[in-house]
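**Q** Requesting a structural model of the entry that follows:
(one chain, ligands or ions: 1)
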Amino acid sequence: ASFSPGSRSILRDIGNDISDQKDYAVELNSTNFDSVFQNTPAKYAILEFFAHWCPACRNYKPHYEKVARLFNGADAIHPGLVLMTRVDCAAKMNVKLCDKFSINHYPMLFWGPPRKFVGGSWDPKQEKSEISVVEEWRTADLLLSWINKQIGSSYGLDDQKFGNKHLLPNISDHEQISQAIYDIEEATEEAFDHILALKAIKSAETSTSFIRFLQLLVAHHPSKRCRKGSADILMNFDELCPSGQCSYDQESGAKDSLRNYHICGKDVPRGYYMFCRGSKNETRGFSCGLWVLMHSLSVRIEDGESQFAFTTICDFINNFFMCDDCRRHFHDMCLSVKTPFKKARDIVLWLWSTHNKVNERLKKDEASLGTGDPKFPKMIWPPKQLCPSCYLSSTEKTIDWDHDEVYKFLKKYYGEKLVSSYKKSGVSVSKEEVVAAAEETAVRSNALVVPVGAALAIALASCAFGALACYWRTQQKNRKYYHNPHYLKRYNSNYMVMNTFSNSDNERIKER
Ligand SMILES: Cc1cc2nc3c(=O)[nH]c(=O)nc-3n(C[C@H](O)[C@H](O)[C@H](O)COP(=O)(O)OP(=O)(O)OC[C@H]3O[C@@H](n4cnc5c(N)ncnc54)[C@H](O)[C@@H]3O)c2cc1C
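**A** Got it, this is the predicted structure:
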């Protein structure tokens with residue numbers, strides 16, 4: 001089978017094998033070794049070399065399995081992050097493989113990016129290698145804290161799976177949305193992967209569209225690590241994509257390549273949608289995550305940013321959502337908006353009703369073609385069970401919405417209930433620092449594309465991420481896109497409202 005990066009199939013398949021064997025760590029041999037490392041969506045791998053006759057190895061197995069339970073298999077607690085594997089060196093077919101890794105005692109554990117193990121080897125005298133020996137491994141506790149140190153996490157052996165085993169639709173459950181933060185992170189990463197795979201930033205137009213979307217993410221992405229990752233790309237954008245020509249170099253050492261960046265950091269588990277998990281592998285997932293991302297952005301913007309957010313989302317879908325029919329339909333709906341949005345409420349409700357138009361169309365298509373997910377039939381949303389007050393009245397054919405109630409509901413559902421669960425220690429910033437940075441950014445950039453709230457949030461993000469802040473500020477001085485009329489003129493007048501900073505804006509920033 002072939003697996004694309006982020007494919008859910010491989011982890012599910014590994015999961016199925018595991019339930020048969022009751023082992024979580026994946027047993028490798030000289031035949032499957034390369035293909036498993038090549039195809040795993042995990043970011044890191046641990047490889048244990050052992051011998052089945054070795055008593056110490058047998059005693060160690062429960063420790064190793066205790067950790068593997070967290071990361072491997074369909075019910076992994078932290079899926080898609082660390083692939084835990086083992087090779088039995090006492091099996092004849094693996095002798096050469098174990099030799100290549102200079103195994104001189106059992107068990108011996110290695111750590112590295114999975115691809116580095118493909119056709120790989122290890123030699124103690126080797127100076128530069130991305131594969132390293134795991135130093136603290138003797139108990140499950142030690143091994144997990146060693147892993148935590150490598151990836152900056154704080155996982156515990158008692159961590160429990162977040163949410164239901166296999167999400168079954170419960171349309172009246174207000175709390176299910178809180179799990180969507182993982183899906184939004186994954187969808188954000190996946191969108192970035194698609195852009196990279198198709199080298200889709202290739203002109204001034206696509207560059208601008210991408211920059212604007214990053215600005216929106218830096219300011220309003222509900223996940224802290226995605227705000228940080230987006231800020232990181234934004235800060236380095238001039239180097240990564242001079243004149244709109246990005247480097248997509250695959251070389252791991254290529255510093256100026258977009259491929260070396262992760263829009264949500266490098267630890268986002270891949271291959272596991274939760275809120276958006278379909279009952280079949282090929283349904284839901286990314287497109288659901290993308291909708292949820294857009295809704296969660298829309299409820300976070302402020303009045304002054306509404307037109308910016310609208311054009312940014314429309315352009316992003318048009319330029320980078322690789323489903324042709326989808327983006328064409330969506331673009332038509334964008335073009336049908338004749339009056340610029342002035343209030344945040346306008347874009348929240350527009351996105352909601354646009355999504356419902358798509359639902360309505362797909363409901364018919366899926367019924368006639370049988371292509372939908374039977375467990376998640378399309379519906380006009382939110383259903384009454386989820387928001388009774390949204391309905392003034394309804395018949396089978398029409399719904400009379402209470403738009404104020406719908407707006408209130410969406411703000412709560414995609415706002416308050418959907419927040420970053422990612423905590424990183426040492427990230428703190430004083431209010432004064434935020435205000436100073438926002439002011440600095442605002443005063444300098446009188447014709448900035450970034451609207452007030454976004455500038456503040458970017459400043460906040462950049463301050464909050466410590467060393468990035470100073471770099472961001474110096475980089476901003478060189479950022480020509482914002483000042484270049486070429487980049488600003490491409491929209492027709494009703495499709496674009498530029499925000500400029502005035503003294504009163506600066507006062508507002510100070511107040512905030
Ligand atoms: C911009 C865009 C355009 C698309 N166009 C097409 C297309 O033309 N043809 C096609 O076949 N597929 C299209 N898709 C994919 C399609 O809309 C679904 O994403 C996909 O079928 C998966 O559906 P789902 O059941 O996971 O729910 P989705 O429609 O993806 O919705 C995700 C979640 O959002 C919530 N939700 C549902 N409706 C609303 C609403 N109105 N407001 C707020 N929240 C809501 C629900 O909790 C739902 O589970 C498009 C996707 C996107 C992002």
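
**Q** can you give me the strands for this structure?
**A** 26-28, 44-50, 82-88, 108-112, 132-133, 391-394, 399-401 (DSSP state E).

**Q** For stretch 405-415, what does the pLDDT average out to?
**A** Stretch 405-415 shows a mean pLDDT of 96.

**Q** near the ligand, which residues of the stretch 151-300 of the chain?
**A** Residues of the stretch 151-300 of the chain found near the ligand (Cβ under 6 Å from any ligand atom) are 276, 284, 287-288, 290-292, 295. Glycine gets a C-beta too; all of them are placed from N, C-alpha and C.

**Q** Turn the residues you listed into a markdown table, including neighbour count.
**A** Below are these laid out as a markdown table (neighbours: other Cβ atoms under 10 Å):
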| residue | neighbour count |
| --- | --- |
| 276 | 25 |
| 284 | 20 |
| 287 | 16 |
| 288 | 20 |
| 290 | 22 |
| 291 | 19 |
| 292 | 22 |
| 295 | 22 |
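
**Q** which two in those are spaced the farthest apart?
**A** Within those, 284 and 295 form the most distant pair, 15.2 Å apart (Cβ to Cβ).

**Q** What separation do you get for residue 99 and the ligand?
**A** 49 Å (Cβ to the nearest ligand atom, to the nearest Å).

**Q** what about that residue, how many neighbours?
**A** Counted with other Cβ atoms under 10 Å, residues neighbouring residue 99 total 11.

**Q** Could you do residue 341 as well?
**A** Neighbours of residue 341 using other Cβ under 10 Å come to 22.

**Q** do the same with the one 10 residues further on
**A** For residue 351, the number of neighbouring residues by other Cβ under 10 Å comes to 22.

**Q** Could you find the closest non-adjacent residue to it?
**A** Of all residues not flanking residue 351 in the chain, residue 298 sits nearest, at 4.9 Å (Cβ to Cβ, 6 or more residues apart in numbering).

**Q** How about residue 372?
**A** residue 366 (3.2 Å).

**Q** Retrieve the pLDDT associated with residue 174.
**A** 68.

**Q** typo on my end, residue 121
**A** 86.

**Q** how much space between the residue lying closest to it once chain neighbours are set aside and residue 200?
**A** Nearest non-adjacent residue to residue 121, counting by Cβ to Cβ, 6+ apart: residue 100, 4.1 Å away. Relative to residue 200, residue 100 is positioned 39 Å away (Cβ to Cβ, to the nearest Å).

**Q** Could you check which of the two is surrounded by more residues?
**A** residue 200 (18 against 14).

**Q** and the chain, which residues reach the ligand?
**A** Looking at the ligand, the residues of the chain close enough under Cβ under 6 Å from any ligand atom are 276, 284, 287-288, 290-292, 295, 317, 321, 325-326, 329-330, 352, 355-356, 358-359, 362, 373, 376, 381.

**Q** so the residue nearest to residue 372 makes contact with residue 378?
**A** Yes: applying Cβ atoms under 8 Å, one finds residue 366 in contact with residue 378, separated by 6.0 Å.

**Q** Neighbours of the closest residue to residue 354 other than its chain neighbours, how many?
**A** Excluding its sequence neighbours, the residue lying closest to residue 354 (Cβ to Cβ, 6+ apart) is residue 333, at 5.0 Å. Neighbour count for residue 333, taken as other Cβ under 10 Å: 18.

**Q** could you list every residue that touches residue 37?
**A** By Cβ atoms under 8 Å, 6 or more residues apart in numbering, the contact list for residue 37 reads 45, 83, 85, 114-115, 117-118, 120.

**Q** again, 10 Å this time
**A** 26, 28, 45, 47, 83, 85, 112-120 (Cβ atoms under 10 Å, 6 or more residues apart in numbering).

**Q** Identify, from those residues, the entry nearest to the ligand.
**A** Using Cβ to the nearest ligand atom, residue 83 comes nearest to the ligand of the contacts of residue 37, at 27.3 Å.

**Q** Need the distance between the two termini of stretch 397-412.
**A** Terminal residues of stretch 397-412 lie 27 Å apart, using Cα to Cα, to the nearest Å.

**Q** and that stretch, which residues are buried?
**A** For stretch 397-412, burial by neighbour count (16 or more other Cβ atoms under 10 Å) applies to 401, 406-407, 409-411.

**Q** Also stretch 374-389?
**A** In stretch 374-389, counting by 16+ other Cβ under 10 Å, buried: 376, 378, 380, 382, 386-387.

**Q** Check the separation of the first and last residues in it.
**A** 28 Å.

**Q** Then stretch 36-50?
**A** So stretch 36-50: terminal residues 18 Å apart, Cα to Cα.

**Q** Tell me, how many residues neighbour residue 160?
**A** Applying other Cβ under 10 Å, I find that residue 160 has 7 neighbouring residues.

**Q** check contacts around it.
**A** So residue 160 contacts residue 77 (Cβ under 10 Å, 6+ apart).

**Q** Could you check how far it is from residue 419?
**A** From residue 160 to residue 419 the distance is 19 Å (Cβ to Cβ).

**Q** same check, this time on residue 347
**A** In terms of Cβ to Cβ, residue 347 sits 20 Å off from residue 419.

**Q** More neighbours: these two, which one.
**A** residue 347 (25 against 13).

**Q** Just to check, that one is in contact with residue 334?
**A** No: Residue 347 is beyond contact range of residue 334, at 11.2 Å (criterion: Cβ atoms under 10 Å).

**Q** which neighbours do those two share?
**A** With Cβ under 10 Å, 6+ apart, residue 347 and residue 334 have common neighbours 310, 313.

**Q** circling back to that earlier point, looking at the buried residues of stretch 374-389, spot the one nearest the ligand.
**A** After measuring the buried residues of stretch 374-389 against the ligand - Cβ to the nearest ligand atom - the closest member comes out as residue 376, at 4.2 Å.

**Q** Can you tell me which residue of the stretch 401-512 of the chain sits closest to the ligand?
**A** residue 410 (6.5 Å).

**Q** mind listing what that residue touches?
**A** Residue 410 touches 295-296, 298-299, 345, 348-349, 351-352, 382, 387, 390, counting by Cβ under 10 Å, 6+ apart.

**Q** What confidence value was assigned to residue 73?
**A** 81.

**Q** Can you tell me the number of residues neighbouring it?
**A** Using other Cβ under 10 Å: residue 73 sits among 24 other residues.

**Q** same check, this time on residue 416
**A** Count around residue 416 with other Cβ under 10 Å applied: 11.

**Q** pretty sure residue 106 contacts residue 53?
**A** Yes: counting by Cβ under 10 Å, residue 53 is a contact partner of residue 106 at 9.1 Å.

**Q** quick one: the helices in the stretch 1-150 of the chain?
**A** Taking DSSP state H, counting those that start in this stretch as the test, the helices found in the stretch 1-150 of the chain are 8-21, 33-39, 55-71, 95-100, 114-117, 140-151.

**Q** for this protein, where's the lowest mean pLDDT among helices and strands?
**A** helix 485-488 (a mean of 34; mean pLDDT, DSSP states H and E).

**Q** May I see the buried residues of stretch 54-69?
**A** Buried-residue list, stretch 54-69, by 16+ other Cβ under 10 Å: 54, 57, 60-61, 63-69.

**Q** Tell me where this structure is predicted with low confidence.
**A** 1-22, 161-174, 250-255, 420-512 (pLDDT under 70).

**Q** Looking at it, which helix is longest?
**A** helix 344-369 (DSSP state H).

**Q** Identify each buried residue in it, please.
**A** Those buried within helix 344-369 under the rule 16+ other Cβ under 10 Å are 344-352, 354-356, 358-359, 362, 366.

**Q** how deep is the residue lying closest to residue 70 once chain neighbours are set aside tucked in, by neighbour count?
**A** Nearest residue to residue 70, sequence neighbours excluded (Cβ to Cβ, 6+ apart): residue 77, at 4.8 Å. Residue 77 has 18 neighbouring residues, counting by other Cβ under 10 Å.
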